[in-house]
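Asker: what would the 3D arrangement of this be:
(chains A, B and C)
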Amino acid sequence: MGLIGYLLLAAGLFSLGVFGLVTRKNAVGVMVAVELMANAVNLNLVAFSRFHGGNTGQVFALFSIAITVAEVVVGLALVILLFRARGDVTLDLASELKE
Amino acid sequence: MNAEQVLFWLFSVCTLVAASGVIFARNPVASAMSLVATFFFLSGIYVLLWAHTIAALQVLVYAGAIMVLFLFVIMLLSLTDSGPVLHFTPSRIAGGVAVIALFVSLTAVFRKLPTAELTWVGDAAKLKNFGTIQHLGEVMYTQWLFPFEAVSLLLLVAILGAVVVAKPRI
Amino acid sequence: MIIPHFTLNDFLPVMPVGVLMAAAIVLMLSEVFLTSTTRTYQAIIAALASIVAGGIAVNNAFEPARLVLQGYAVLDPFSSWTTAMVCLGTFLAVLLSAGFLKHRNAERGEFYALMLFAAAGMSLLSLSAEFITLFINLEVLSVATYALTAFLRRGPRPSEAGFKYFILGAFAAALLLYGAALIYGATGATKLVEVSAALPAAFAKSPALVYAGLGLVLAGFAFKVAAVPFHMWTPDVYEGAPTPVTALMSAGVKAAAFVAMVRTFLFLVKGIDPVIPFTVFSLLALLTMVGGNLLALPQRNVKRMLAYSSIAHAGYMLLGVAALFAPKLVEAGAKVGVLTATPLTGTAQDVSVAVYKGLLFYILGYTVTSLGAFGTISALERREDETRGNTWDLERFAGLAQRKPGWAAAMALFMLSLGGVPPTVGFLGKLFLFSAAVDAGLLGLAIVGVLSSVIGVYFYLRVVVYMFMRPAPIDAPAPFRHWTTELALVTSAVLVVGLGILPGTITEWFSRVGMVFGH
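Answerer: Here you go, the predicted structure:
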């Protein structure tokens, strides 16, 4: 399979993630969408690593996994905080952006 | 069509279907379980790219640790179906259009890239090491020391941040 | 297997970070082992650590620019000065927090530890010379600030602000990471030096891939520095965060992200038509300067107004960045336009020294002014106000001059400095940046900058007018007094005036050649 197939798959995943981020109302749903985006980037890195025949991309992907974990932990703690403060975790990023 | 291509199509279609499930599922638990499926299919893709270590870690870290965390929070807060998932307000429709534009432009970017089958461009010695856990471990501890140490700082900060944020009261 | 060999030389740039981290760990542990009721000692430890770290950074600033730590980090005056200013900002923010948290009965070692970790992240971000390192350090800084934003538990506002900051931060990080992945795909390298060496060839082979990577990286950074149109998160997050944290975000986080952006793009524009990065940065600068000032204009909420004002100030710094990327060769007889470079003398001068001086001085000036302004409003906030909506309303500043002349004078000074009125540091910073931009031929953009800062003077002076010319309301709050808060405000005020009148030695230090590695 050519490189382009993997890159298109990654682009599709990334776009789905962005779509979820924009449209989901549930805070956990938004975080799940961010996860999809991180995975799409990892797929890119691994595919490019195979393309270049070097390990750099895989090391990058490993670090990226660690970064995502750190991010998710704090994000879920924020979801819990949000739930405690408001009793639900629905939010509308677009409508809360008041001027 | 060879076996690799068959597997690629199988895994990529499954990945995209599962990812759509993540975004469009009403039930948070269903959404999270779709995410597990996405992670598994993606690790299949990683094996096709000869990245066996990453494939294993994908299952261990994402499907194992992160998903448990997500499910734990969903259950803890007993999140259930809360109204329709998608609200088509003007800003959301604009977001959808922007996403389609993003995908189309990314496709246009990638169209110029070589479409030939991936071939091995490095030398044979590199091929033996490629993607093995031994080699990745070696380079992480020798060539990538500074980022590696920075990640340890990041994890410490994340632990502290999570504890501070999740505390019931300050 | 190659065993890496390090010398002390390699660790010089990360020594301030080491001091900050050590103090942060001590503060974390102090919460476990020492449970005394007075916790002012924690603020003092944190403040001392930032002074020591800042001193080491100033000492580093006179080393020649070079790559260290296997090429993952740079030691150059630009990053050392940024570290020093981050430490100054942290020092002031820690002092402000001591009084602020004590008043709310929320003084905790974790808070100061997170602040020091955030400062460590900012310092590391400014010296990263490789994409993975840059990205990890950006996350260190972001994760610490997400937690700080949601630190207080009063009403839903902090948690909403924290979550919104988290989501937009994670989105920005994903964009940046995607861009870095595409650039790695095009060049096969992640170290900035190697990327810039491989870029011309990659550009010839697949220009679209490189452009997409650069665009995504720029969008990621634009979110972090809150450039219009990537600024939407700023007012809500700045308003919801505890005010001392907002002060640190507006000064330190932004400065570090700015320095990282400049460093990254200095390496990434090799082999590209110089008009493209110049036009993009000019456009961002134009939108951010004008947009930030126009959006701040109708604000009656002083904290929100300062948030928009911080966007506008990012715009002035972007003007400097645009001047840095101004094309050196301009055809004769080009018309003066907002997005074009037309040198007055016909040939463009090399303005990089002037731009770095301007940027660093601007960051320094904005750090002390912003810490002072946010610090004053943090002292005026009362704990009882937090459930009310009008905590930071202009009315609350009415008549402050009669009740507390010292506080009103300090706030007026910070407002004048933000507006760029002489003899404050804000005026000099603008002067340096705008004159560098004019020298680079950005006459049109500099005029827009001056005009938009004139709009800014209106809403800064409105606060002064309220303080000095309006009668005080009956329920007017008295400032919460704590010696650390007063020390921080006096330090800021002295620096605002002192640097505005006698910038002498500092500007000489900032205008040395060889400021930035590789440029």
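Asker: which non-adjacent residue is nearest residue 16?
Answerer: By default, I'm working from chain A. Sequence neighbours aside, B:A19 is the residue nearest to A:L16 in space, at 5.0 Å (criterion: CB to CB, 6 or more residues apart in numbering or on different chains). The way it works is simple: take the backbone N, C-alpha and C, and place the C-beta from them, glycine included.
Asker: ah, I was thinking of chain B
Answerer: That would be A:G12: by CB to CB, 6+ apart, it lies 5.7 Å from B:L16.
Asker: cool, B:V22 as well?
Answerer: That would be B:S34: by CB to CB, 6+ apart, it lies 4.4 Å from B:V22.
Asker: distance of the one you found from chain C?
Answerer: Per CB to the nearest CB, to the nearest Å, B:S34 is found 19 Å from chain C.
Asker: residues contacting C:L34?
Answerer: Residues near C:L34 by CB atoms under 8 Å, 6 or more residues apart in numbering or on different chains: none.
Asker: need the CA coordinates for the lowest-mean-pLDDT helix or strand in chain B. CSV is fine.
Answerer: Lowest on mean pLDDT, DSSP states H and E among the helices and strands of chain B sits helix B:124-129, with a mean of 78. In CSV, the C-alpha atoms belonging to helix B:124-129 read as follows (Å, rounded to 0.1, in the frame of the first residue of the first chain):
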residue,chain,number,x,y,z
ALA,B,124,19.6,-3.7,5.3
ALA,B,125,21.2,-3.2,8.8
LYS,B,126,18.6,-0.5,9.6
LEU,B,127,15.8,-2.8,8.3
LYS,B,128,16.8,-5.4,11.0
ASN,B,129,16.4,-2.8,13.7
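Asker: ok, back up a step: the residue nearest to B:V22 and B:L16 touch, don't they?
Answerer: No. Look at B:S34 against B:L16 with CB atoms under 8 Å: they stay out of range, at 11.2 Å.
Asker: give me the more crowded residue out of those two.
Answerer: B:S34 (21 against 16; other CB atoms under 10 Å in any protein chain shown).
Asker: can you name the residues of chain B sitting close to chain C?
Answerer: Those residues of chain B that sit near chain C, judged by CB under 8 Å from any CB of the partner chain, are B:105-106, B:108-110, B:112-113, B:138, B:142-147, B:150-151, B:153-154, B:156-158, B:160-165, B:169-170.
Asker: which stretches of the chain have low pLDDT?
Answerer: As the question left the chain open, I've gone with chain A. For chain A, applying pLDDT under 70 flags the ranges A:1, A:92-99.
Asker: can you look at chain B instead?
Answerer: For chain B (pLDDT under 70), the answer is B:81-88, B:91.
Asker: and for chain C?
Answerer: Scanning chain C with the threshold set as pLDDT under 70 gives C:1, C:35-36, C:329-336, C:343-349, C:384-389, C:475-477.
Asker: all helices for the chain, in order.
Answerer: I went with chain A, as the question did not name one. For chain A, the helices defined by DSSP state H occupy A:3-23, A:27-52, A:56-86, A:93-96.
Asker: you answered for a different chain; I wanted chain B.
Answerer: Assigned by DSSP H, the helices in chain B fall at B:3-24, B:28-48, B:52-57, B:67-76, B:90-111, B:124-129, B:133-142, B:145-166.
Asker: that concludes my questions; thank you for your assistance.
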